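Enquirer: only geometry, no sequence info:
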Ligand SMILES: [Zn+2]
Ligand SMILES: [Zn+2]
């Protein structure tokens, strides 16, 4: 599916996505639970494709659906149910513009890996069911996997290929990249919902607080150092920094 068809399909199914997003938000209730749930779904979805439980076109459509509904649900949760429909409407073009171009490329690349045999359908040599999507040791509890300085999901495949790291070329690696579309962005879109809520409440200033651990990138540190700024003048977490979707800066308002 090329980008245009993808945007067309998203536009056509928009009302369904809004309804599904409201259901998701009501079901999972908090941002961390929604994100965890979507991480689990990243594995399930990858496994479904590998084990031929879904055809390629089903997989592609499910990726599109889950990318959009999880982002919308995240916005809804951020708005604390205050005029959330209206805010989801406002967030829709941002979600489509941010997510669909890299998603279209990512899917095309996955298709290529399948067609050329890099990813073999039915290959069960690696069990990634307990594979930690943050790259930590399987089973280990890692509480500060927050800001991994990295590259954006769109460039990831290109860089991997150049460096011969082939992260997206294994099934476990693919599950990890799927989570960068359907799970990791939940945080940034939750922050967007919170931002809209804060604006409605009449807040005038914002500040972006970085985690300041060893993984925090230079950009995030710089935003943190700027302190209080007029509302709307600082980028949302994951924007304007090299942590991208791994950014876990938080925004405060007053
Ligand atoms: Zn950063
Ligand atoms: Zn950050």
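Expert: Received, thanks. None of the values given here were measured: they were computed from a predicted structure. Ligands and ions are numbered 1, 2, ... in the order given.

Enquirer: Please count neighbours and contacts with C-alpha atoms only from this point.
Expert: Will do.

Enquirer: What residues of stretch 17-27 count as buried?
Expert: Neighbour-count burial for stretch 17-27, with 16 or more other C-alpha atoms under 10 Å as criterion, is recorded at 17-18, 20-22, 24-25.

Enquirer: In helices, which of those fall?
Expert: Among the buried residues of stretch 17-27, the residues falling in helices (DSSP state H) are 17-18, 20-22, 24-25.

Enquirer: number of nearby residues for residue 63?
Expert: For residue 63, the count of nearby residues is 20 (other C-alpha atoms under 10 Å).

Enquirer: residues contacting it?
Expert: residue 182 (C-alpha atoms under 8 Å, 6 or more residues apart in numbering).

Enquirer: in what helix or strand does it lie?
Expert: If you go by DSSP states H and E, residue 63 is part of helix 56-78.

Enquirer: which stretches of the chain form helices?
Expert: Using DSSP H, the helices of the chain run over residues 3-12, 14-28, 31-50, 56-78, 84-115, 153-163, 171-182, 185-200, 218-225.

Enquirer: which regions of this protein lie under the pLDDT threshold?
Expert: For the chain, the stretches flagged by pLDDT under 70 are 126-168.

Enquirer: Domain-wise, how is this protein divided?
Expert: Listed domain ranges for the chain are 3-186, 204-253 (source: automatic domain parsing).

Enquirer: Show me the one of those domains that comes nearest residue 194.
Expert: Distance to residue 194, taken as C-alpha to C-alpha, is lowest for domain 3-186 among the domains of the chain, at 4.4 Å.

Enquirer: Is that closest one in proximity to ligand 2?
Expert: No - Domain 3-186 does not reach ligand 2 (C-alpha under 5 Å from the ion); its nearest approach is 6.4 Å.

Enquirer: Please report how far the closest residue to residue 56 other than its chain neighbours lies from residue 178.
Expert: Of all residues beyond its chain neighbours, the one nearest residue 56 is residue 49 (7.1 Å), with distances taken as C-alpha to C-alpha, 6 or more residues apart in numbering. According to C-alpha to C-alpha, to the nearest Å, residue 49 and residue 178 sit 12 Å apart.
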